[in-house]
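Peer 1: next input, structure requested:
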Amino acid sequence: IAVCVANGFTTTPYFAIQRPPLSTSSLASYDFALLFDCDGVILETEELHRLAYNEAFRAAELTINGEPVEWSVAYYDILQNTVGGGKPKMFYHFRETTKQFPMVASKSPPSTEEEQQALIDALQAHKTEIYRGYIEEKAVPRPGVLELMDEALADPTIAVGVCSASTKEAVTKVLDVTLGAERRSKLNVCILGDDVERKKPDPQIYNTAAATLGMDKSKCVVVEDSMVGLRAAKSAGMKCVITYTPSTAEEDFYGEGAEAKVPNLGNVNLQSIFDPLREKGADADLLVGIKDAP
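Peer 2: Okay, here's the model as predicted:
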């Protein structure tokens, strides 16, 4: 059974029953787990997110000191490698970068926490609507990701999941378009940004996935694309393979503990990840002959 988790409690499964149910006996059959981030891993979405935020900012007529609020490519690269989740990004921008909230059209900036939260909630809702439209038009899976996922789904010893800091509304559209219903229904676990209180780089999302699967965290391998995701995976005690994007390529992933980094998953197969773990355990060297040199 594939399980979604909300507020720490198992909820009605979002995905259909396909793989063995998560009973004690079936969990014992899984030796390892392969957990995929969504944005930047399953498909390269960060530029679509940036464009959607800017469109939402324009629609709300946000200005600070008379200048429109707009996130550049360079600044969004910083944001995505600093803060996980859309609402935290906006709070970070207004509280840490600009040090003030914007005017909304001719209205004064929100002054109370309640007003600020309401503005962020409204912006995120409109941004998600815009983003979903972009996904329908432009979504293309990154090289190798579906092949690796299918290989893992076909292996009865590997549990497979998606762990994304994005909202359910945003992620489900991505999964609908890129994975399709059949592949999606085979996932063992799907933890989304709405399901956890603390966003990446906090490890809560990966800790929740491991707990839901009943899996030792040392047996979990995470596929991420950013420093924020890597820090979440390593803080959870999991191994992490980075498939970087142009906006994250210069990050020091090995310096932060990544087991491997590659430009995409086109040359990565299940054996290159899990055969070393079966043979050498925690000391295994992953993606030998495939990963970028340190």
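
Peer 1: need the helices for the chain, in chain order.
Peer 2: When assigned using DSSP state H, the helices of the chain occupy the ranges 24-27, 46-59, 73-80, 86-92, 113-138, 145-153, 168-178, 180-185, 204-213, 227-235, 270-280.

Peer 1: could you export those helices as CSV, including mean pLDDT and mean neighbour count?
Peer 2: C-betas here are computed from N, CA, C, even on glycine. As requested, the helices of the chain are arranged in CSV below (pLDDT from 0 to 100; neighbours: other Cβ atoms under 10 Å):
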stretch, mean pLDDT, mean neighbour count
helix 24-27, 44, 12
helix 46-59, 95, 19
helix 73-80, 92, 16
helix 86-92, 96, 20
helix 113-138, 94, 16
helix 145-153, 98, 19
helix 168-178, 87, 20
helix 180-185, 93, 14
helix 204-213, 96, 22
helix 227-235, 97, 24
helix 270-280, 97, 16
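
Peer 1: which one of the ones you listed lies nearest to Glu256?
Peer 2: Minimum separation from Glu256 across those (Cβ to Cβ) falls at helix 227-235, 5.5 Å.

Peer 1: same for that closest one, what does it pack against?
Peer 2: Of the remaining helices and strands, those touching helix 227-235 by 3 or more Cβ pairs under 8 Å, 6 or more residues apart in numbering; DSSP states H and E are helix 204-213, strand 220-224, strand 239-243.

Peer 1: now these as JSON lines including distance to Asp176?
Peer 2: Putting the helices and strands packed on helix 227-235 into JSON lines (distance: least, Cβ to Cβ, whole Å) gives the following:
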{"stretch": "helix 204-213", "distance to Asp176": "21"}
{"stretch": "strand 220-224", "distance to Asp176": "20"}
{"stretch": "strand 239-243", "distance to Asp176": "21"}
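
Peer 1: relative to Asp155, which of the ones you listed is closest?
Peer 2: Using Cβ to Cβ as the measure, strand 220-224 is the one of the helices and strands packed on helix 227-235 that comes nearest Asp155, at 12.7 Å.

Peer 1: ok, which of the helices of the chain comes nearest Glu67?
Peer 2: Closest approach to Glu67 among these (Cβ to Cβ): helix 46-59, 11.4 Å.

Peer 1: contacts for that closest one?
Peer 2: Where contact means Cβ atoms under 8 Å, 6 or more residues apart in numbering, the residues beyond helix 46-59 that reach it are 39-40, 68-71, 73, 76, 80, 86, 89-90, 123, 126-128, 130-131, 134-135, 138, 245, 247.

Peer 1: any idea which of the helices of the chain gets closest to Lys291?
Peer 2: Comparing the helices of the chain by their distance to Lys291 (Cβ to Cβ), the top pick is helix 270-280, with 8.7 Å.

Peer 1: if we can go back for a sec, how about the helices of the chain in CSV, adding distance to Val288?
Peer 2: Supplementary listing: the helices of the chain in CSV, determined by distance: least, Cβ to Cβ, whole Å:
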stretch, distance to Val288
helix 24-27, 29
helix 46-59, 29
helix 73-80, 29
helix 86-92, 36
helix 113-138, 35
helix 145-153, 16
helix 168-178, 29
helix 180-185, 28
helix 204-213, 24
helix 227-235, 20
helix 270-280, 7
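
Peer 1: quick one: closest of those to Val160.
Peer 2: Closest to Val160 of the helices of the chain, according to Cβ to Cβ: helix 145-153, at 4.8 Å.

Peer 1: just checking, what packs against that closest one?
Peer 2: Helix 145-153 sits against strand 32-36, strand 158-163, helix 180-185, helix 270-280, with contacts defined as 3+ Cβ pairs under 8 Å, 6+ apart.

Peer 1: what's the closest of the ones you listed to Met215?
Peer 2: Across those (criterion: Cβ to Cβ), the nearest stretch is strand 32-36, sitting at 4.9 Å.

Peer 1: please identify the pairing partners of the closest one and their relative orientation?
Peer 2: Sheet partners assigned to strand 32-36 using DSSP bridges are listed as strand 158-163 (parallel), strand 220-224 (parallel).

Peer 1: those strands: which one's closest to Gly193?
Peer 2: With distances scored as Cβ to Cβ, the stretch of the strands paired with strand 32-36 nearest to Gly193 is strand 158-163 (9.6 Å).
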